[in-house]
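>>> Model the following, please.
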Amino acid sequence: MRRIFLFTLMICLLLFALNACDTAQSAHARVSQWHNHVAAPALLLGSSTGEWPMFGYNPAHTSYVDQSVQARGVPQHLLWSQRLKPIFSSAVAGAGLLYIASSDGYLYALKEATGSVLWRVDLGDHLTDATPALQGQVLFVAVNSTQVEALNALTGQPYWRFETNEKIQAAPLVIGNKLLVASRTALWCLDTSSGRLLWKFHRGAVGWPTTASPTVAGTLVYLGLGSMSQLWAVNLNTGQLVWSFDTGDRITSTAVVGKDSVYVATWHGLVIALNRLTGVALWSYALNSKRPTQSVIDGIGGNLALAQGRLYVGDYRGILLCLDAQHGKMLWRFATGAQILATPVISAGLVYVGSGDGNFYALDVRTGRPTWYYATGEIRSSATLAYGHLYIGSVNGSMYAFGQAA
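Here you go, the predicted structure:
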C-alpha cells in the first residue's frame, strides 16, 4: 500500500513539474511575444541618400527621385530575380537590404545586390499588402492583421508591438519620432522608440479597411479613412482636425502633396486638387466625364505620383495618364493591356510602372512613349528605386532587380 502511495505521489509530482514547465514555457513565449522593448534612439537616425524607406519614397508620397540622387535612367538589364510567393505589397530599401512581404505570410529581408534571403519573419497572417516602413535600423510592419510591430531591420528581432483591434491594410509612415498607422476607422500616432500612443484620430464609419497611407507635409497629415469620401487634414502634433473635404466618392488612393496643393484620386475615377492648407478645391479631372453613356465605369485603384509639375496615375482600363498638376489638363496617355494598380515611379526623365498585362514599362515623361519594357508577369505592387536599381514584385511570385551591369 505504501509502495502504491509513493508511486502515485511520484506521478503527481512529475505531472506537476511538467505542467509547471509548460506553464513557464508558455509564459516565456507570451513575454517574448508581447513584452515591449524600447528601440534605442541611435537606431532611429533616419535613412541615407539612395534608399527608399517608405511607400511613395517620402512623407509627401510623390514617388519622385530627383537627379541629385539618381542621375541616369535605369536600363533594361536584369541583375537578379528571387522566387517567393505571389507579391501584392511594395518593397522598401535601406541598410543594404530590400524588405518585401509575400502572400505566404512572411516578410523577407533580401540582400539588395544579390537578392539572397538574409532573414524572414512570420507576419502571423497571409497579408497581401503589408508594405513596411523603415527608419534607420528599425522596420515597422503590420502583423496579425490588426497590430503594428517594430523590428530590428538587420535581424528581424522584435522591439515592440501595438494593437489597434482593427484591420491594417495601408502602409505605415514614419516622420521624425512619430509612426502613423491607419486602421479601418482611425489614424494612430505612436512613438517610434517605444510604441507608446501619442494621439488617435477616429471617425466612426464602418466598411472597407483603409487602403490609403497617411501623407505628411509640414505639420499636416492627410488621409482618407475606410470607405468614406472625406479627405481629412489633421495636426501632426495633436491629431486635431484642421479641415476636411468631401470628394463625393470613396477615397482609395494615398494623397500626394506638392508645394501648395494636395492631390487625391477616388474609386470612380475623379482626381482632385486642393489647397493643402485650407482644403479649398482648385480643380478636378474626371476620367468618365467624356463618356456619359458608357456601360463600364473607369476608376482608379492605384495611387498618384507627382514630379516637376506633372501628376501620373493609372486606371482600371490600363491607361497611364499624365496631367498638368497646376490646371488638371491631360498632357498624354499611354495604354497598356490591362488594369494599372501600381503607383508610378519617376526619375531621370522616365516614369516606371507595372501593369496587369504582365509587363513593366519605362516611359519617357515628355511623350509617354516606352523606352523599354520587360515581361515580369502581372504586377499590382509599386516599384522601388534604391541604390541605383529598380526592384519590382510580381504576382507570379518573382522579385526582379534591374540596373546597370557592373
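>>> does L123 really touch G105, like I thought?
Yes. L123 is within contact range of G105, at 5.4 Å (criterion: Cβ atoms under 8 Å). For the C-beta atoms, the positions are set from N, CA and C on the backbone; glycine is no exception.
>>> So between these two, which is more surrounded?
L123 (22 against 18; other Cβ atoms under 10 Å).
>>> Could you check the pLDDT of the more buried one?
pLDDT, the model's per-residue confidence, is 94 for L123.
>>> again with A42
You'll see A42 listed with a pLDDT of 80.
>>> Any idea how many residues pack against it?
For A42, the neighbour count with other Cβ under 10 Å is 8.
>>> Could you look up the SS state of it?
Under the three-state scheme (DSSP: H, G, I helix; E, B strand; the rest coil), A42 adopts helix.
>>> In contact with it, which residues?
Going by Cβ atoms under 8 Å, 6 or more residues apart in numbering, A42 touches no other residue.
>>> what do you get if the cut-off is 10 Å, keeping everything else the same?
Shown in contact with A42 (Cβ atoms under 10 Å, 6 or more residues apart in numbering): 136-137.
>>> Make residue 1 into 574 and carry on from there
I'll keep to 574 as the first residue from here, and by that count the last item is A615.
>>> The nearest residue to Q649 once chain neighbours are set aside sits in which helix or strand?
In space, and not counting its chain neighbours, Q649 is closest to W945: 3.9 Å by Cβ to Cβ, 6 or more residues apart in numbering. Using DSSP states H and E, W945 maps to strand 943-948.
>>> Okay, strands next: where are they in the stretch 724-873 of the chain?
Taking DSSP state E, counting those that start in this stretch as the test, the strands found in the stretch 724-873 of the chain are 731-736, 746-748, 751-755, 759-764, 770-775, 788-790, 793-797, 803-808, 814-819, 829-830, 834-838, 843-848, 854-859.
>>> possible to save the ones you listed as a markdown table with distance to F628 and mean neighbour count?
Shown next, in a markdown table, are the strands of the stretch 724-873 of the chain (distance: least, Cβ to Cβ, whole Å; neighbours: other Cβ atoms under 10 Å):
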| stretch | distance to F628 | mean neighbour count |
| --- | --- | --- |
| strand 731-736 | 19 | 19 |
| strand 746-748 | 8 | 24 |
| strand 751-755 | 11 | 25 |
| strand 759-764 | 15 | 22 |
| strand 770-775 | 19 | 15 |
| strand 788-790 | 10 | 25 |
| strand 793-797 | 13 | 26 |
| strand 803-808 | 18 | 20 |
| strand 814-819 | 22 | 15 |
| strand 829-830 | 12 | 25 |
| strand 834-838 | 15 | 26 |
| strand 843-848 | 19 | 21 |
| strand 854-859 | 23 | 16 |
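>>> looking at these, which is closest to P659?
Of all the strands of the stretch 724-873 of the chain, it is strand 751-755 that lies closest to P659, at 23.8 Å by Cβ to Cβ.
>>> Quick one: list the elements packing against the closest one.
Using 3 or more Cβ pairs under 10 Å, 6 or more residues apart in numbering; DSSP states H and E, the elements in contact with strand 751-755 are strand 706-708, strand 711-716, strand 720-725, strand 746-748, strand 759-764, strand 770-775, strand 788-790, strand 793-797.
>>> will you turn these into JSON lines that also has mean pLDDT and distance to D930?
Converted to JSON lines, those look like this (pLDDT from 0 to 100; distance: least, Cβ to Cβ, whole Å):
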{"stretch": "strand 706-708", "mean pLDDT": "96", "distance to D930": "30"}
{"stretch": "strand 711-716", "mean pLDDT": "96", "distance to D930": "29"}
{"stretch": "strand 720-725", "mean pLDDT": "96", "distance to D930": "34"}
{"stretch": "strand 746-748", "mean pLDDT": "96", "distance to D930": "31"}
{"stretch": "strand 759-764", "mean pLDDT": "96", "distance to D930": "35"}
{"stretch": "strand 770-775", "mean pLDDT": "97", "distance to D930": "39"}
{"stretch": "strand 788-790", "mean pLDDT": "98", "distance to D930": "29"}
{"stretch": "strand 793-797", "mean pLDDT": "96", "distance to D930": "28"}
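>>> Next, format these as a markdown table and append distance to V835.
What follows is the helices and strands packed on strand 751-755, written out as a markdown table (distance: least, Cβ to Cβ, whole Å):
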| stretch | distance to V835 |
| --- | --- |
| strand 706-708 | 20 |
| strand 711-716 | 24 |
| strand 720-725 | 25 |
| strand 746-748 | 15 |
| strand 759-764 | 16 |
| strand 770-775 | 17 |
| strand 788-790 | 7 |
| strand 793-797 | 5 |
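>>> Compare those strands and give me the one nearest T825.
Set against T825 and scored by Cβ to Cβ, the helices and strands packed on strand 751-755 come closest in strand 793-797, at 7.8 Å.
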